[in-house]
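[1] 3D, please:
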Amino acid sequence: MRHPIKRAPTGTKPAVTRRDQPAVPQWPSYTGASQLVGASPSGKVTVYVDPTLGNPALQNAQDLVNDADRVVAANDALFGTTGGPISVIILALGGATDGTGGADHMGCDYETGGAIEVCASFGNPARVSALFGAELSECSMGGNLCGVSTGEALSRWFAAVISNNALADFATAPQWYRDGEPDYVTQTDPTDQDADSIGCGMAFLSWLMSQGYSLSLIAQEMVSLGDSGTLAQLYAHLTSDAASNALLAFLAAVGDLHEITSDDPFGGAVQPAQMPHLAPWTVELAGKVFAAILADVAAGKQPHQIVASVRAALVAAPGASSRPISAARCSTKSRRLRPPSKG
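    Numbers count the residues shown, from 1 in each chain. A predicted model of the protein is given here:
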């Protein structure tokens, strides 16, 4: 089963090719030749290209080799975890070479979803990075979160943040608004392919971020809630208000808008992260690390001893890895991201 992403209607450093070429992954749909372009500097991301697409696609692939580690670092920071190795191929998904073919992978973890197809976007590397980022983020969700509406909205928000909204034409919130604002706050749609449920999620996360809740905090709470978690439960966990108040509060805020024309109707993306909304274990960990450094400096310890103390504090911290994780297994299917008009 596959996990697609779809769009809504409406001077580079050369990569170095490995001498010992890795085995070509099994891609979600592509069965043609896979030309190895190179690996990111960290070695975490290996990039291939469909060689029949010529130099423009090769340039897309080289640009992704150079940008992949930035996207990976942002993704790890978002979820508070460390991801695994990823393989990516640049191809003409759906015959498109402008990014509108979207991206695809097969699961919500690095084992089942680590082979990613990204549509070429000739001359627009930001769109390629955004498509890669959307599918990469889904690998960090676990369970089957990336296969439901809430997880799909989260992955699209990550893509928007790391690319300066390079996939603006994939917006779904305007369609949700035009279709009468159906309720996907108190219920989660068990698909990642419905524009209305995804659009509701996009607008809801915009609303939460406009109130100062960071996307990182939102993401980690959503992973804790798992596949069956609702946006209303997310609201309750973040605000300490009752989940039963989420829908009415959200729709009241929507009612104050003249219209919705983008996936960020509340301007959440421009809100600074708020310290009071950091996860409690993060604040506690920062305090312990700072205290350990001060104590070691006062004791006249050597730099390597200070580093060891910091590492000990990090290992002992509750951290993101101790957060509850959904017990659901990842279903292996397409997670295709593409515009509703292409569905």
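[2] domain ranges for the chain?
    1-140, 168-297 (automatic domain parsing).
[3] and the helix or strand harbouring Leu64, what does it pack onto?
    Assigning secondary structure by DSSP states H and E places Leu64 in helix 55-79. The helices and strands touching helix 55-79, judged by 3 or more C-beta pairs under 8 Å, 6 or more residues apart in numbering; DSSP states H and E, are strand 35-39, strand 45-49, strand 86-91, helix 125-139, helix 149-163, helix 215-225. Where you see a C-beta, it was placed from the backbone N, CA and C, and this is true even at glycine.
[4] Tell me which of those sits nearest to Ser206.
    The minimum distance between Ser206 and the helices and strands packed on helix 55-79 falls on helix 149-163, with 8.2 Å, by C-beta to C-beta.
[5] what's the next helix or strand along the chain from the closest one packed up against?
    The C-terminal neighbour of helix 149-163 among helices and strands, as given by DSSP H and E, is helix 173-178. Under the contact definition 3+ C-beta pairs under 8 Å, 6+ apart, helix 173-178 sits against helix 195-210.
[6] and the angle for the helix it packs on with helix 149-163?
    Angle, helix 195-210 to helix 149-163, by axes from the mean of the first three to the mean of the last three C-alpha atoms, to 10 degrees: 60 degrees.
[7] Could you tell me the angle between helix 195-210 and helix 215-225?
    130 degrees.
[8] Let me know the average pLDDT across helix 195-210.
    Along helix 195-210, the predicted local confidence has a mean pLDDT of 98.
[9] just how off-centre is that helix within its chain?
    Chain-centre distance of helix 195-210: 14 Å, with C-alpha atoms, centre = their mean, to the nearest Å.
[10] Likewise for stretch 118-131?
    Centre-to-centre, stretch 118-131 and its host chain are 16 Å apart (C-alpha atoms, centre = their mean).
[11] residues of that stretch that come out buried?
    Neighbour-count burial for stretch 118-131, with 16 or more other C-beta atoms under 10 Å as criterion, is recorded at Val118, Cys119, Ala120, Ser121, Phe122, Pro125, Ala126, Arg127, Val128, Ser129, Ala130, Leu131.
[12] Give me the secondary structure label for the first one.
    Reduced to three states with DSSP: H, G, I helix; E, B strand; the rest coil, the structure at Val118 is strand.
[13] I'd guessed it sits against Leu136; true?
    No. When contacts are counted by C-beta atoms under 8 Å, Val118 is not listed as touching Leu136 (10.0 Å).
[14] For the protein, which element, helix or strand, carries the lowest mean pLDDT?
    helix 303-316 (a mean of 61; mean pLDDT, DSSP states H and E).
[15] Enumerate every residue touching Cys146.
    Under the criterion of C-beta atoms under 8 Å, 6 or more residues apart in numbering, the contact list for Cys146 reads His3, Gly107, Cys108, Gly113, Glu138, Cys139, Glu152, Ser155, Asp192, Arg335.
[16] Mind doing that once more with 7 Å?
    Taking C-beta atoms under 7 Å, 6 or more residues apart in numbering as the criterion, Cys146 is in contact with His3, Cys108, Glu138, Glu152, Ser155, Asp192, Arg335.
[17] Could you identify the most distant pair in these?
    Using C-beta to C-beta, the pair of those lying farthest apart is Cys108 and Glu152, separated by 10.8 Å.
[18] which one among the buried residues of stretch 118-131 gets closest to Asn245?
    Taking C-beta to C-beta as the measure, Asn245 lies nearest Ala130 of these, at 33.8 Å.
[19] Can you give me the pLDDT of the closest one?
    For Ala130, the model assigns a pLDDT of 97.
[20] Find the nearest non-adjacent residue to it, please.
    When the adjacent residues along the chain are set aside, Ala130 lies closest to Ser163, with 3.6 Å between them (C-beta to C-beta, 6 or more residues apart in numbering).
[21] hang on, the one you found packs against Ala126?
    Yes. The pair Ser163 and Ala126 qualifies as a contact (C-beta atoms under 7 Å) at a distance of 4.9 Å.
[22] residue nearest the centroid of this protein?
    Against the mean C-alpha coordinate of the chain, by C-alpha atoms, centre = their mean, the closest residue is Ser137 at 3.2 Å.
[23] Can you read off the pLDDT for that residue?
    98.
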